[in-house]
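**Q** here's a sequence, model it:
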Amino acid sequence: RSDLLATAIRQAKTIAGKWADVEQNASQLSDVISSVNSVQQLVRMIFVALSFVGILVLGLVLVFWVRGRMHEIGVLM
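**A** Numbers count the residues shown, from 1 in each chain. Predicted structure coming up:
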């Protein structure tokens, strides 16, 4: 997550100490971050659409099954 970047950099600097240089290059990766966010939104939309279609198909199967059993339902009542 990009909102935790400053905290992560501070922690990395304390862990690295004098052995490694830690610098922030989020400006160079902003295109990558926006691309990942757009892919995440696309996957979420596809998941919602597939869930809706699945529920619709199951509902139609149930309706057709009940319609096929109407005579039996009437006899039982």
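
**Q** quick one: distance of the longest helix seen in the chain to the chain centre.
**A** In the chain, with assignment by DSSP state H, the single longest helix is helix 30-68. On the basis of C-alpha atoms, centre = their mean, to the nearest Å, helix 30-68 is displaced by 11 Å from the centre of the chain it belongs to.

**Q** hmm, who's touching the helix or strand bottoming out on mean pLDDT in the chain?
**A** Ranked by mean pLDDT, DSSP states H and E, the helix or strand of the chain with the weakest confidence is helix 70-76, at a mean of 75. Outside of helix 70-76, the residues within contact range by C-beta atoms under 8 Å, 6 or more residues apart in numbering are residue 66. C-betas here are computed from N, CA, C, even on glycine.

**Q** tell me the buried residues in that helix?
**A** By neighbour count on 16 or more other C-beta atoms under 10 Å, the buried set for helix 70-76 is empty.

**Q** can you pull the pLDDT of the most centrally placed residue in the chain?
**A** Centre of the chain computed as the mean C-alpha position; nearest residue by C-alpha atoms, centre = their mean is residue 44, 4.2 Å away. Per-residue pLDDT puts residue 44 at 97.

**Q** for residue 34, see how far away it is.
**A** 16 Å (C-beta to C-beta, to the nearest Å).

**Q** then residue 51?
**A** For residue 51 relative to residue 34 (C-beta to C-beta), the value is 26 Å.

**Q** before we move on, what about residue 71?
**A** When residue 71 is compared with residue 34 (using C-beta to C-beta), they lie 59 Å apart.

**Q** before we move on, what about residue 15?
**A** Applying C-beta to C-beta to residue 15 and residue 34 gives a distance of 28 Å.

**Q** same check, this time on residue 7
**A** Residue 7 is 21 Å from residue 34, by C-beta to C-beta.

**Q** ditto for residue 60
**A** Counting by C-beta to C-beta - residue 60 and residue 34 are separated by 39 Å.

**Q** show me which residues of stretch 37-51 are buried.
**A** Buried-residue list, stretch 37-51, by 16+ other C-beta under 10 Å: empty.

**Q** use 145 as the first number for this chain going forward.
**A** All set: I'll call the first residue 145, so the last point we hit is now stretch 181-195.
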